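Participant: Have a look at this fold, sequence not included:
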Ligand SMILES: Nc1ncnc2c1ncn2[C@@H]1O[C@H](COP(=O)(O)OP(=O)(O)OP(=O)(O)O)[C@@H](O)[C@H]1O
Ligand SMILES: [Mg+2]
């Protein structure tokens, strides 16, 4: 068991104690907030040498509460586009908030930011003391590039600019205390996604796929990407599962069946459920009224709610496990 005294002893050798703002120890994980002027690398190295320390999460900042780190940061990703990442992000975020959690939703799709529309948000975020106050709806705080560009305007950015924008969304947005920050990633598993996964210190990832056989390949790409950056995959969701005819009730497997389960089994990650293909999901997304609120008892809304709760459960299991981060903080 690592103790606070041990960490303070180690820190004293490299830094003045008044530069340490906050410390939380969970098993072998040490979460530290230090003043922006503190020698971060020396601190990291000193703390990681303390016997029993397995992981050091370092964050710079003042203890203002405004730049407080969320407890968990979860990326929603997919091997290819259009599978329902944003729809899932929105419904999961709203479901978590409805369950009483403090939730943020960050749209990391800088080129095609759909979150504002699906969250029914139009207003521009306000500025306070030079920082951005996130927009809010349905109990979820939201930040998106969509607030800063005109509809239909194309954003053409290169890698470093994307990094900068994501960093700003993390550090210059007044998220306040959050239990979950859901990050809606752009489609695919290329360099952009990989670098985003590295910029953001993620607790885990949710992979969305569709029922086809090719889901196996798509999920594999996403799993491989997160493996590369050592981010645990918390689960796979199969979206657009069988279409239930609203007239006769007959279920048609338009995109085949079971790709998500097969992929989850193949890559040994939890399967968190299947969301049916129903017009109400699309209508809810287009109108900015997430289905989990408008039709909470519908099968699709219940599926999203199960995904949200499964995700929360996986995060708890993970943080209770050996050395897993109990709290995620920004990388410095
Ligand atoms: N279960 C569903 N039933 C019906 N329509 C759905 C379902 N899931 C998503 N859709 C619709 O499919 C379209 C694509 O969904 P969404 O934008 O969430 O995908 P995405 O993976 O975020 O796409 P992109 O890769 O472009 O970011 C949207 O019009 C959405 O409303
Ligand atoms: Mg999207």
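Facilitator: Now that the structure is in, tell me what you want to look at. Here the structure is a predicted model, which is why all the values come from computation and not from measurement. Numbering: from 1, shown residues only. Ligands and ions are numbered 1, 2, ... in the order given.

Participant: The residue of the stretch 51-200 of the chain found nearest ligand 2: what's it in contact with?
Facilitator: Residue nearest to ligand 2 within the stretch 51-200 of the chain (Cβ to the ion): residue 86, separated by 3.3 Å. Heads up, the C-betas are built off the backbone N, CA and C, glycines and all. Neighbouring residues of residue 86 by Cβ atoms under 8 Å, 6 or more residues apart in numbering: 76, 107, 109, 114, 115, 118, 184, 285.

Participant: Backbone dihedrals for the first one, both of them.
Facilitator: Backbone torsions for residue 76, taken as degrees, to the nearest 10, come to phi -110, psi 120.

Participant: before we move on, what about the last one?
Facilitator: According to degrees, to the nearest 10, the main-chain angles of residue 285 amount to phi -70, psi -50.

Participant: interface residues of the protein facing ligand 2?
Facilitator: 85, 86 (Cβ under 5 Å from the ion).

Participant: Contact residues of the chain facing ligand 1?
Facilitator: Residues of the chain found near ligand 1 (Cβ under 6 Å from any ligand atom) are 78, 81-87, 109, 112, 114, 187, 239-240, 275, 277-278, 281-282, 285, 300.

Participant: Of these, grab the buried ones for ChimeraX.
Facilitator: Only the buried members of the residues of the chain next to ligand 1 enter the following ChimeraX selection, criterion being 16 or more other Cβ atoms under 10 Å:
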select :78,83,84,85,86,87,109,114,187,239,240,275,277,278,281,285,300
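
Participant: Strands - which of the residues of the chain next to ligand 1 land there?
Facilitator: Under the assignment DSSP state E, the residues of the chain next to ligand 1 contribute 239, 240, 275, 277 to strands.

Participant: dump the residue contacts of the second one.
Facilitator: With contact taken as Cβ under 8 Å, 6+ apart, residue 240 is in contact with 83, 84, 210, 211, 254, 255, 275, 276, 277.

Participant: How about the second one: what's its closest non-neighbour residue?
Facilitator: Setting aside the residues directly before and after it, residue 84 is nearest to residue 239 in space (Cβ to Cβ, 6 or more residues apart in numbering), at 3.8 Å.

Participant: tell me the pLDDT at the one you found?
Facilitator: pLDDT recorded at residue 239 is 95.

Participant: Repeat that for residue 82.
Facilitator: 91.

Participant: show me the contacts for it.
Facilitator: Residue 82 sits next to residue 187 when contact means Cβ under 8 Å, 6+ apart.

Participant: Check residue 123 too.
Facilitator: Taking Cβ under 8 Å, 6+ apart, one finds 135, 147 in contact with residue 123.

Participant: Is it part of a helix or strand, or is it coil?
Facilitator: Of the three states, residue 123 takes coil under DSSP: H, G, I helix; E, B strand; the rest coil.

Participant: out of the contacts of residue 86, who's nearest ligand 1?
Facilitator: residue 285 (3.6 Å; Cβ to the nearest ligand atom).

Participant: rewinding a little: check pLDDT for the contacts of residue 86 and point me to the minimum.
Facilitator: Within these, lowest confidence goes to residue 109 (88).

Participant: Not counting its neighbours along the chain, what's nearest residue 113?
Facilitator: Closest to residue 113 by Cβ to Cβ, 6+ apart is residue 146, at 3.5 Å.

Participant: where does the protein have low pLDDT?
Facilitator: The chain contains residues with pLDDT under 70 at 62-68, 151-160, 256, 320-332.

Participant: Pairing partners for residue 76 in the sheet, please.
Facilitator: For residue 76, the beta-bridge partners are residue 184, residue 206 (DSSP bridges).

Participant: Break down the stretch 101-250 of the chain into its helices, ranges please.
Facilitator: Remark: helices assigned in the stretch 101-250 of the chain by DSSP state H, counting those that start in this stretch are 115-118, 159-171, 191-199, 215-228.

Participant: I'd like to know which elements the first one is packed against.
Facilitator: Using 3 or more Cβ pairs under 8 Å, 6 or more residues apart in numbering; DSSP states H and E as the contact criterion, the neighbours of helix 115-118 among helices and strands are helix 85-98, strand 103-107, strand 140-144, helix 279-287.

Participant: Residue 307: which of those is closest?
Facilitator: Among the helices and strands packed on helix 115-118, the nearest to residue 307 by Cβ to Cβ is helix 85-98 (5.7 Å).

Participant: Stretch 69-88: end-to-end distance?
Facilitator: End-to-end distance for stretch 69-88, by Cα to Cα, to the nearest Å: 23 Å.

Participant: What separation is there between the residue nearest to residue 113 and residue 119?
Facilitator: As judged by Cβ to Cβ, to the nearest Å, residue 146 and residue 119 stand 10 Å apart.

Participant: So for these two, which residues contact both of them?
Facilitator: Listed as contacting both residue 146 and residue 119 by Cβ under 8 Å, 6+ apart is no residue at all.

Participant: surely residue 225 meets residue 193?
Facilitator: Yes - if you go by Cβ atoms under 8 Å, residue 225 and residue 193 touch, sitting 6.4 Å apart.

Participant: list residues touching both of these two?
Facilitator: With Cβ under 8 Å, 6+ apart, residue 225 and residue 193 have common neighbours residue 77.

Participant: Count the residues that sit near residue 242.
Facilitator: Residues within reach of residue 242, counting by other Cβ atoms under 10 Å, total 18.

Participant: No more questions from me, cheers.
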